[in-house]
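# Quick one, structure for this:
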Amino acid sequence: MSGQGKRLKSAYGDIDREHHYPLADAVKIIKDSAKAKFDETIEVSMNLGIDAKHTDQTVRGVVNLPNGTGKTVRVAVFAKGAKAEEAKKAGADLVGAEDLAELIQKGEMNFDRCIATPDMMAIVGRLGKVLGPRGLMPNPKVGTVTNDVAQAIGAVKGGQVQYRAEKAGLIHAGVGKASFSEQQLVENINAFVGAVARAKPTGIKGVFVKKVSISSTMGPGLKLDLATLEMGRSAGT
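Okay, here's the model as predicted:
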């Protein structure tokens, strides 16, 4: 803990935590301060001007990051017959139906995302109390309930990130690794922030994106100058 504390103190000593940095400058600082012995994740946090307790102000969706996440994603798929074979060929790590449900009910959830064909939702629905709190419940709104399992698996493994605003209007997600180039991180951050910005509920009249900051797993957080973000025209969604 003392080593971690000294590293953070050193990193914070070189920055102004109240300053709003241009995106490119912030990415360079975050990369330079990522000195852990592992490849740190670069994370984005957004404060939105919503009241997530109101259903008409829910903000959720997916974005395909142009440079991936740098993370190996394990995918479980609920499917039978030809769709199960399709899922296996597409690289699913776990494929099943009732048997997969039994494993999950036993607490064996060695996967990061869960996909299901529509006909499997009767089985998957029984797992709501287990999968829901972990953010793993398949949902057609984010493309994880689909008959095109190969496309869904490819998207998930290729760098698709889900987002959902918490009660306080906060959204956070990993958008790459410290080993990524500065340009790759800039592109991924713009893609993510742009996707969220375009998901603004129609009922929101005031400022939607109030604050954006980035950090690495073990490093300091930096506030971003919103004017330097491509919130209206980002690619990757």
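# and the longest helix along the chain, which residues are buried?
In the chain, with assignment by DSSP state H, the single longest helix is helix 182-198. Buried residues in helix 182-198, counting neighbours by 16 or more other C-beta atoms under 10 Å, are found at 184-197. Backbone N, C-alpha and C define where each C-beta goes, glycine included.
# where in the protein is pLDDT low?
1-14, 232-237 (pLDDT under 70).
# I'd like the buried residues of helix 182-198 as CSV, with distance to residue 171 appended.
Output for the buried residues of helix 182-198, formatted as CSV (distance: C-beta to C-beta, whole Å):
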residue, distance to residue 171
184, 21
185, 18
186, 19
187, 19
188, 15
189, 13
190, 15
191, 14
192, 9
193, 10
194, 13
195, 10
196, 6
197, 11
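# Tell me which two in the residues you listed are the farthest apart.
Spanning the widest gap among those are 184 and 197, at 20.3 Å by C-beta to C-beta.
# Could you double-check that residue 178 sits in contact with residue 31?
Yes: in this structure residue 178 lies within contact range of residue 31 using C-beta atoms under 8 Å: 5.8 Å.
# Return every residue with contacts to both of these two.
42, 216 (C-beta atoms under 8 Å, 6 or more residues apart in numbering).
# Now do stretch 168-185: distance from first to last residue.
26 Å (C-alpha to C-alpha, to the nearest Å).
# how about it: buried residues?
169, 171, 173, 174, 175, 176, 177, 178, 180, 184, 185.
# Please identify which of those is nearest to residue 109.
residue 174 (19.1 Å).
# State the distance from residue 231 to residue 125.
36 Å (C-beta to C-beta, to the nearest Å).
# where exactly do the strands run in this protein?
20-21, 41-48, 60-64, 75-78, 94-96, 113-116, 160-164, 170-177, 209-216, 221-224 (DSSP state E).
# Make JSON lines out of the ones you listed and add distance to residue 54.
Putting the strands of the chain into JSON lines (distance: least, C-beta to C-beta, whole Å) gives the following:
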{"stretch": "strand 20-21", "distance to residue 54": "29"}
{"stretch": "strand 41-48", "distance to residue 54": "13"}
{"stretch": "strand 60-64", "distance to residue 54": "14"}
{"stretch": "strand 75-78", "distance to residue 54": "32"}
{"stretch": "strand 94-96", "distance to residue 54": "36"}
{"stretch": "strand 113-116", "distance to residue 54": "27"}
{"stretch": "strand 160-164", "distance to residue 54": "15"}
{"stretch": "strand 170-177", "distance to residue 54": "16"}
{"stretch": "strand 209-216", "distance to residue 54": "17"}
{"stretch": "strand 221-224", "distance to residue 54": "27"}
